[in-house]
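Participant: sequence and predicted structure are below.
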Amino acid sequence: MIGERPPLLDIRDASVLRGGQLVLDHISLSVREGQHTAILGPNGAGKSTLMALISRDLYPLHGGQVGIMGQERWRIRDLRSLIGIVSPSVHLDLAGESGGRLDAFSAVAAAFFSSRGLSPNHSLDDDMLRRAGEALTRMGVNHLAAREVATLSSGEARRVLIARALVHNPRALILDEPCQGLDPGTRRRFLEDLREVARAGTTLILVTHHVEEILPEIAQIILLKHGKIAGAGDKDAMLERGRLGALFDTPAKVRRNGDWYHADFG
């Protein structure tokens, strides 16, 4: 159709080889802008490799295509301003010893330069200062701006990571196992924060192996197993006990609590 916008993400026949192993095997999938999507699969399914493919940290073998908003070639800095990334590895990078005493505000503001923290060569103008402060406020952590990231709780740090991603008003957020290490109460509050981000218009791509982390706003589920697409479609069809049992190689029982799904295995 003339004038129709290209998909936010359009992967066609993409394979990735790592350490001599075929980690992704001829993957094809599509995500439209506004189509909140969960990529669900067991550990070792290739989920993180798929996220690295989307973020341009990895490239497909010859013949595979990865299109983002209608383009296959991107400058990494430009792409980072359009698609934010939240993951435990980013958390570790910002809080780790290699980063020194990085405070929350600097971690967020450094996103303007696609860097880990601020250096003497980085100059923040008034608009950048305002947007960094607004992002922290939006995630409810502005009061932690001067705190070192390494001293924050896991839940506080994940909110700082989202604020860092939101300074660019990105079109999409990639959330790679974002609840890892969070206790149940913190996880639920964090998921509610993500719901607000989704409602505000940022497309979410959630990568997880926990059914209970799939937000009510997520409509499309992509099942990944052994580096291949095991299923893709609407939530009711994909979160069916037979499909989940086959995905995780163990009998599954699925129940609903309002708009949330839960699965018990074994």
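Facilitator: Nice, thanks for sending it over. Numbers count the residues shown, from 1 in each chain.
Participant: pull out the buried positions in the longest helix seen in the chain.
Facilitator: Scanning the chain for the longest helix, with DSSP state H as the assignment, gives helix 184-199. Residues of helix 184-199 classed as buried: 186-187, 190-191, 193-195, 197-198 (neighbour count, 16 or more other C-beta atoms under 10 Å). No exception for glycine: its C-beta is placed from N, CA and C like everyone else's.
Participant: break this protein down into its structural domains.
Facilitator: 1-69+203-266, 76-170 (automatic domain parsing).
Participant: residue nearest the middle of this protein, spatially speaking?
Facilitator: Closest residue to the average C-alpha location of the chain: L175 at 1.7 Å, with C-alpha atoms, centre = their mean.
Participant: wait, a helix at it?
Facilitator: No. Secondary structure of L175 (DSSP: H, G, I helix; E, B strand; the rest coil): strand, not part of a helix.
Participant: list the contacts for it?
Facilitator: Contacts for L175 (C-beta atoms under 8 Å, 6 or more residues apart in numbering) come out as 86-87, 194, 204-207.
Participant: do E156 as well
Facilitator: 141, 144.
Participant: got the angle for the helix or strand where it lies vs helix 184-199?
Facilitator: Under the criterion of DSSP states H and E, E156 resides in helix 154-166. Inter-element angle recorded for helix 154-166 and helix 184-199: 20 degrees (by axes from the mean of the first three to the mean of the last three C-alpha atoms, to 10 degrees).
Participant: L29 reaches G233, doesn't it?
Facilitator: No. Contact criterion C-beta atoms under 8 Å: L29 and G233 do not qualify, at 11.2 Å.
Participant: which one of these two is surrounded by more residues?
Facilitator: L29 (18 against 13; other C-beta atoms under 10 Å).
Participant: and that one, backbone torsions?
Facilitator: The phi/psi pair for L29 (degrees, to the nearest 10) reads phi -160, psi 160.
Participant: now it: how far from R18?
Facilitator: Noted for L29: a distance of 19 Å to R18, by C-beta to C-beta, to the nearest Å.
Participant: same question, E217
Facilitator: Distance from E217 to R18, counting by C-beta to C-beta: 32 Å.
Participant: tell me which of the contacts of L175 is nearest to A263?
Facilitator: Proximity of the contacts of L175 to A263 (C-beta to C-beta) peaks at L206, which lies at 15.4 Å.
Participant: helix/strand/coil for that closest one?
Facilitator: strand.
Participant: show me what contacts it?
Facilitator: By C-beta under 8 Å, 6+ apart, the neighbours of L206 are 36-39, 175, 178, 194, 213-215, 218.
Participant: any chance of the domains of the chain in CSV, plus distance to L182?
Facilitator: As requested, the domains of the chain are exported to CSV (distance: least, C-beta to C-beta, whole Å):
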stretch, distance to L182
domain 1-69+203-266, 10
domain 76-170, 5
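Participant: make JSON lines out of those and add mean pLDDT.
Facilitator: Below are these laid out as JSON lines (pLDDT from 0 to 100):
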{"stretch": "domain 1-69+203-266", "mean pLDDT": "92"}
{"stretch": "domain 76-170", "mean pLDDT": "87"}
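Participant: of E217 and R18, who's got more company?
Facilitator: With neighbours defined as other C-beta under 10 Å, E217 and R18 compare such that E217 has more, 15 against 12.
Participant: any idea how far S28 is from the residue nearest to that one when sequence neighbours are not counted?
Facilitator: Nearest residue to E217, sequence neighbours excluded (C-beta to C-beta, 6 or more residues apart in numbering): A198, at 4.2 Å. A198 sits 25 Å away from S28, going by C-beta to C-beta.
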